[in-house]
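[1] structure for the following, please:
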Amino acid sequence: MKHIRTMKPATISYSRERPFKYVSHFNSKGQRYYYFERKKGDKKQYFKSKPGTQEFLLEYNKFMGLLAEKPSRSKTNSDLILAFKETSYYKDLSDKTKATKGPILEWIRERIGHLSPKDMRPDHVEALMQKKEGAQAANRIRINLKQLFNLAQKKEWVPQGFNPAELADARKHKSKGFHTWTEEELAKFEECHGRGSQARLALYLFMATGASRIDGVQLGFKNIAEDGKIYLSRSKTKVGRGSTIPVFLAEELERLPKDDPCFLMTEYGRPFSEKAFGNKFKKWTTQAGIPQCTIHGLRKAIAVKLAASGANKHEIAAWLAHDGTQTVDVYTKDVERDRLIENAQKRLGWAPRNLK
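    So this is what the prediction gives:
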């Protein structure tokens, strides 16, 4: 039997009559079988492919130990974050949500990016959360890590069910989020900023449309349709909403030039950016003596007012252009709780008496 005497990776031989070194064959039932045997008595390693094929060549070099597979690099948390950013879930997030979520993921990567996700434990997650000031910021780290470990399971980088962030304890915080405007605060703002002022226009615009700050600054006469309704699509949820224009807002809009691109314009004749308008509105609320009041707090106030008037969760969610009722529950739980207590007291037959 002829052999190719070389210790370099072999190239393809298209001749069945020139087998490689240490390769022998035998015939059985009309079929020829090839096997690798370095010396007599060694365990025979049989080829699955036929000589002259690329597959045969790869098998031969593997048996010779010339193309030993290098161990694959262990996946790290940095790899996991990069993979997360390539998911359709992340790509479909609004630009505003990505602007919030992106820095959190980068913060995580800078601290534990070099570690392997399969080596993480719940106490590691809690230690990472402790590096954040405030319970709310710490819990955001936990939420993002839960999403990352869910992806790691999906990609089989960790065992199924492995999610140390799920087992980590969330931090407790008492904050109710943005302050909800009261009727007194609303009256103070109106008293400070009279009709025809840009501040009064902004207040009524956000009240009447339920818009968030990023969407409200983009509204203009272009958003008013033939049916007289004002329409918008919320950037965060991609949910559209339309409503008739109440008289108090219409009276402010009638004062504006129809050719301006947006209702709210800077002193330089350009539309406000979200951040610039936030600073402007903060100035107006401070002038009115209510610096704690924000646009988001105004949205919450309208949601609470709707709940108190008997509106159901779906009506409120539609007003705020939410894609579900979960956030509505957060906004209106105190009103719902008061209503339930009132109903419970009626079931007990306890007649109320006002001592004031």
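
[2] shaky segments in the stretch 151-300 of the chain?
    The stretch 151-300 of the chain contains residues with pLDDT under 70 at 173-177.

[3] where do the helices sit along it?
    164-167, 183-192, 198-209, 213-216, 247-253, 274-287, 295-308 (DSSP state H, counting those that start in this stretch).

[4] can you lay out those as CSV showing mean neighbour count and distance to residue 96?
    Backbone N, C-alpha and C define where each C-beta goes, glycine included. Shown next, in CSV, are the helices of the stretch 151-300 of the chain (neighbours: other CB atoms under 10 Å; distance: least, CB to CB, whole Å):
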stretch, mean neighbour count, distance to residue 96
helix 164-167, 18, 24
helix 183-192, 15, 26
helix 198-209, 21, 17
helix 213-216, 21, 6
helix 247-253, 16, 25
helix 274-287, 16, 8
helix 295-308, 21, 13
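
[5] may I have stretch 294-303 as CSV, with CA atoms only?
    What follows is stretch 294-303, C-alpha atoms only, in CSV (Å, rounded to 0.1, in the frame of the first residue of the first chain):
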residue,chain,number,x,y,z
THR,A,294,-44.2,68.5,35.5
ILE,A,295,-45.8,67.5,32.1
HIS,A,296,-45.7,63.9,33.2
GLY,A,297,-47.4,64.8,36.4
LEU,A,298,-50.1,66.5,34.4
ARG,A,299,-50.7,63.3,32.5
LYS,A,300,-51.1,61.5,35.8
ALA,A,301,-53.5,64.2,37.1
ILE,A,302,-55.8,63.7,34.1
ALA,A,303,-55.7,59.9,34.6
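
[6] residues in contact with it?
    Stretch 294-303 is touched from outside by 177-182, 186, 203, 206-207, 210, 212-213, 216, 278, 281-282, 285, 316, 319-320, 328, 331-332, with contacts defined as CB atoms under 8 Å, 6 or more residues apart in numbering.

[7] about what we covered before: for residue 105, find the nearest of the helices of the stretch 151-300 of the chain.
    Among the helices of the stretch 151-300 of the chain, the nearest to residue 105 by CB to CB is helix 164-167 (13.4 Å).

[8] which secondary structure elements does the closest one contact?
    Packed against helix 164-167 by the contact rule (3 or more CB pairs under 8 Å, 6 or more residues apart in numbering; DSSP states H and E) you find helix 122-129, helix 135-154.

[9] what's the shortest one packed up against?
    Okay, so that is helix 122-129. helix 95-112, helix 135-154, helix 164-167.

[10] using PDB, list the CA coordinates for it.
    Output of helix 122-129 as PDB, limited to C-alpha atoms (Å, rounded to 0.1, in the frame of the first residue of the first chain):
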ATOM      1  CA  PRO A 122     -27.900  36.300  42.900                       C
ATOM      2  CA  ASP A 123     -25.500  37.900  45.400                       C
ATOM      3  CA  HIS A 124     -23.400  39.200  42.500                       C
ATOM      4  CA  VAL A 125     -26.500  40.900  41.100                       C
ATOM      5  CA  GLU A 126     -27.400  42.400  44.500                       C
ATOM      6  CA  ALA A 127     -23.800  43.700  44.900                       C
ATOM      7  CA  LEU A 128     -24.100  45.300  41.500                       C
ATOM      8  CA  MET A 129     -27.400  46.900  42.500                       C
END
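
[11] can you add distance to residue 148 and give the helices of the stretch 151-300 of the chain back as TSV?
    Formatted as TSV, the helices of the stretch 151-300 of the chain follow (distance: least, CB to CB, whole Å):
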stretch	distance to residue 148
helix 164-167	8
helix 183-192	41
helix 198-209	35
helix 213-216	27
helix 247-253	44
helix 274-287	28
helix 295-308	28
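
[12] of those helices, which is nearest residue 22?
    helix 164-167 (49.3 Å).

[13] now find how far off-centre the closest one is within its chain.
    Taking CA atoms, centre = their mean, to the nearest Å, one finds helix 164-167 lying 18 Å from the centre of the chain it belongs to.
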